[in-house]
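J.: sequence and predicted model, in that order:
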Amino acid sequence: AWYMLKQRHCELARRSMAVASAFGLAAALSVVVLGDESGYSASHTQRMKLAAIEAMWETHDAPAPFTLVGFPDQEARETHYAVEIPWVMGLIGTRSLNTEIPGIKDLVVESERRVRSGLLAYDSLMTIRSERENTPPEVRQQFEDNSDNLGYALLLKRYVEDPRDATEAQIKMAADDTVPGVAPVFWAFRLMVGLGFSFIAVMAFFFYRASFRGMQFPRWSLWLAVIIIPTPWIAVELGWFVSEFGRQPWTVDGVLPTALSASNLSVADLLFTLAGFTLFYTVLFIIEMGLMLKYIRKGPYMDVEETEQWMKRHEHRLKTHDGKDPFAPTPAE
């Protein structure tokens, strides 16, 4: 697009645009399929993340609607001015018309139950560690029955050293902690999806012009293609944000809380490491961008002016080789 705007290497640029638009359209459509599969998987394995993505505070009758836009209020636990599309979330998340997707409030109640179950597992585990081979069978059985929820008991370590000493209020706070920051996840997801569908529209437009309009592109569309160059990277980062921030407070969902997975490095060590990585990758970024811009300006091959300059620089060699390759290496070379 840049070459066509600058009227350089236009034929090559048009052919490249035809290939890029076909591949880009196929890739953008495939991302929709992968995203649908990811949403279906999350409805089984990371239900709180899915509810946060939708700012779904209540459990809706199946099939659940998709919230197109709205303003999540985490303190009030409601979404203001929500614009919903009926059935869509239910179809994406469950691929059925009769399966409910639990809302955040119901999931918090379930989390409280799992915290209490995890406390039984934690208490049994401490007994097993102290008694070892003398552990009563019923204690081992209690651990087996509740071990899947042990990670939820570990959420209490944010408030108390020994989870078994937690108060009722602390148990409820630990259950509330299983809700990530809803508004950031909600908006990051919608920006990511919006960018994804905009890629489909842009690629479809260029594919249509390349296939049915003789590879003629309006000037505004070429500027659009140049302007949106950074947006795929932005979409990727938004996706990572949704994935990581939406999983909080877990490093491993339901198993290892983030607060317990931190390293023992000091703040100074972390600052030094982050500063080093930031500096290193900033230098690499500057070098890479400089090289990219250099070779974009240079183009895929020499233009007429560059060819004339090249001929002048090598004129003496061209004149001294009658009928021979002027650039074949000499014995001295």
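T.: Received the coordinates, thanks. Residues are numbered from 1 along each chain as shown.
J.: switch to C-alpha atoms for all contacts and neighbour counts from now on
T.: Noted.
J.: and residue 296, how many neighbours?
T.: Per other Cα atoms under 10 Å, the neighbour tally for residue 296 reads 12.
J.: which strands or helices does the helix or strand hosting residue 130 pack on?
T.: Using DSSP states H and E, residue 130 sits within helix 104-131. Helix 104-131 sits against helix 47-54, helix 137-146, helix 150-154, helix 168-176, with contacts defined as 3 or more Cα pairs under 8 Å, 6 or more residues apart in numbering; DSSP states H and E.
J.: run the last query once more with 6 Å
T.: If contacts are counted by 3 or more Cα pairs under 6 Å, 6 or more residues apart in numbering; DSSP states H and E, helix 104-131 sits against helix 137-146, helix 150-154, helix 168-176.
J.: want to throw the ones you listed into CSV with distance to residue 33 and mean neighbour count?
T.: Output for these, formatted as CSV (distance: least, Cα to Cα, whole Å; neighbours: other Cα atoms under 10 Å):
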stretch, distance to residue 33, mean neighbour count
helix 137-146, 37, 15
helix 150-154, 33, 26
helix 168-176, 33, 18
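J.: now those helices in CSV, with distance to residue 105 and mean pLDDT?
T.: Listed next are the helices and strands packed on helix 104-131 as CSV, based on distance: least, Cα to Cα, whole Å; pLDDT from 0 to 100:
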stretch, distance to residue 105, mean pLDDT
helix 137-146, 23, 96
helix 150-154, 17, 97
helix 168-176, 9, 97
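J.: dump the ones you listed to JSON lines, plus distance to residue 213.
T.: Listed next are these as JSON lines, based on distance: least, Cα to Cα, whole Å:
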{"stretch": "helix 137-146", "distance to residue 213": "65"}
{"stretch": "helix 150-154", "distance to residue 213": "60"}
{"stretch": "helix 168-176", "distance to residue 213": "57"}
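J.: what's the closest of these to residue 261?
T.: For residue 261, the closest of the helices and strands packed on helix 104-131 is helix 150-154, at 11.2 Å, according to Cα to Cα.
J.: could you tell me which other helices and strands the closest one packs against?
T.: In terms of contacts (3+ Cα pairs under 6 Å, 6+ apart), helix 150-154 is packed against helix 104-131.
J.: list the buried residues of the helix it packs on.
T.: 104-105, 107-108, 111-125, 127-128 (16 or more other Cα atoms under 10 Å).
J.: next: stretch 56-72.
T.: 56-59, 62-67, 69-72.
J.: so which of the residues you listed is the closest to residue 140?
T.: Distance ranking of the buried residues of stretch 56-72 against residue 140, using Cα to Cα, places residue 59 first at 36.0 Å.
J.: ok, that closest one - contacts?
T.: Neighbouring residues of residue 59 by Cα atoms under 6 Å, 6 or more residues apart in numbering: 102, 103.
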